[in-house]
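In: Here is my input; please provide its structure:
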Amino acid sequence: MTDVDKTSTAHRLTVPTPNGPFTVIHLDGAVLASGWTDDPGYLTALIHPRLRPATLTAGVGDRTPIIEAVTAYHDGDTAAVEEIAVAQVGGPFIEQAWKVLRTVPAGQTRTYSEFAELAGNGQAVRAAASACASNAAALFVPCHRIQRSDGTLGGFRYGLAVKRWLLDHEGR
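Out: Residues are numbered from 1 along each chain as shown. Predicted coordinates for the structure are as follows:
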């Protein structure tokens with residue numbers, strides 16, 4: 001996605017989930033930010049300035065493909081979110097790492113070292129961790145599937161209880 005027109009309007013959609021409200025900010029069907037919060041200001045701040053829309057409106061009551069995918073995911077179809085478009089801006093390694101995250105299958109995890117290798121630079125473990133930390137599109141870019149080499153979870157923007165729930169849900 002190219003830079004967003006400074007007069008653009010994005011839409012905010014929120015759906016209840018077992019982990020609390022899940023909100024998505026999207027522009028033309030591409031997720032700009034998402035996560036387990038009902039605070040659109042929090043999510044908007046995660047969007048890169050080049051993509052940040054001028055205005056944000058509450059989505060209409062229609063069942064959009066994005067909300068249908070989120071609902072299906074939480075109902076057990078963990079692959080439902082894979083085809084939803086995502087728009088994020090980062091450096092070349094970070095953008096490649098986000099693409100790689102989308103290839104880690106539900107029900108599987110990778111270590112930060114394995115993730116760095118898959119992203120093209122096995123020595124860039126800290127950069128791989130940074131890709132997870134800077135990911136604005138939680139669930140759609142599944143950074144929750146990356147964990148420490150000792151098997152512990154590592155961090156997650158929405159808390160370790162949510163990360164554990166997601167991994168358990170995907171492992172069923």
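
In: Would you mind listing the outside residues contacting the longest helix along the chain?
Out: Assignment by DSSP state H gives helix 160-171 as the longest helix of the chain. Outside helix 160-171, the residues that touch it by C-beta atoms under 8 Å, 6 or more residues apart in numbering are 18-19, 36, 74, 76, 78, 106-107, 109, 139, 142, 144-145, 153, 156. Bear in mind the C-beta positions are built from the backbone N, C-alpha and C, glycine included.

In: Mind checking the pLDDT average for that helix?
Out: Helix 160-171 shows a mean pLDDT of 97.

In: how far is it from where the chain is centred?
Out: Remark: helix 160-171 is offset 14 Å from the chain centroid, using C-alpha atoms, centre = their mean, to the nearest Å.

In: what do you get for stretch 51-59?
Out: Remark: stretch 51-59 is offset 18 Å from the chain centroid, using C-alpha atoms, centre = their mean.

In: just to revisit the earlier point, buried ones among the contacts of helix 160-171?
Out: Buried members of those, scored by 16 or more other C-beta atoms under 10 Å, are Asn19, Trp36, His74, Thr78, Ala106, Thr109, Leu139, Pro142, His144, Arg145, Phe156.

In: And for Ile84, the neighbour number?
Out: Using other C-beta atoms under 10 Å, Ile84 has 23 other residues around it.

In: Likewise for Asp75?
Out: Counted by other C-beta under 10 Å, the residues lying close to Asp75 total 9.

In: got the contact list for it?
Out: Here Asp75 is in contact with no residues (criterion: C-beta under 8 Å, 6+ apart).

In: what's His134 in contact with, if anything?
Out: Rather than His, residue 134 is Ser. Counting by C-beta under 8 Å, 6+ apart, Ser134 touches Gly90, Ile94.

In: after the helix or strand bottoming out on mean pLDDT in the chain, next one along is what?
Out: Each helix and strand of the chain was given a mean pLDDT (mean pLDDT, DSSP states H and E); the minimum falls on strand 55-58 at a mean of 91. Remark: after strand 55-58, the chain's next helix or strand is helix 65-74, criterion DSSP states H and E.

In: Only alpha carbons, please: show that following helix as CSV.
Out: Below are the C-alpha coordinates for helix 65-74, written out as CSV (Å, rounded to 0.1, in the frame of the first residue of the first chain):
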residue,chain,number,x,y,z
PRO,A,65,-15.2,-9.9,5.6
ILE,A,66,-12.8,-8.7,8.3
ILE,A,67,-15.2,-9.2,11.1
GLU,A,68,-16.5,-12.5,9.6
ALA,A,69,-12.9,-13.7,9.6
VAL,A,70,-12.3,-12.6,13.2
THR,A,71,-15.5,-14.3,14.3
ALA,A,72,-14.7,-17.5,12.4
TYR,A,73,-11.2,-17.5,13.9
HIS,A,74,-12.5,-17.4,17.4
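
In: Done for today, thanks.
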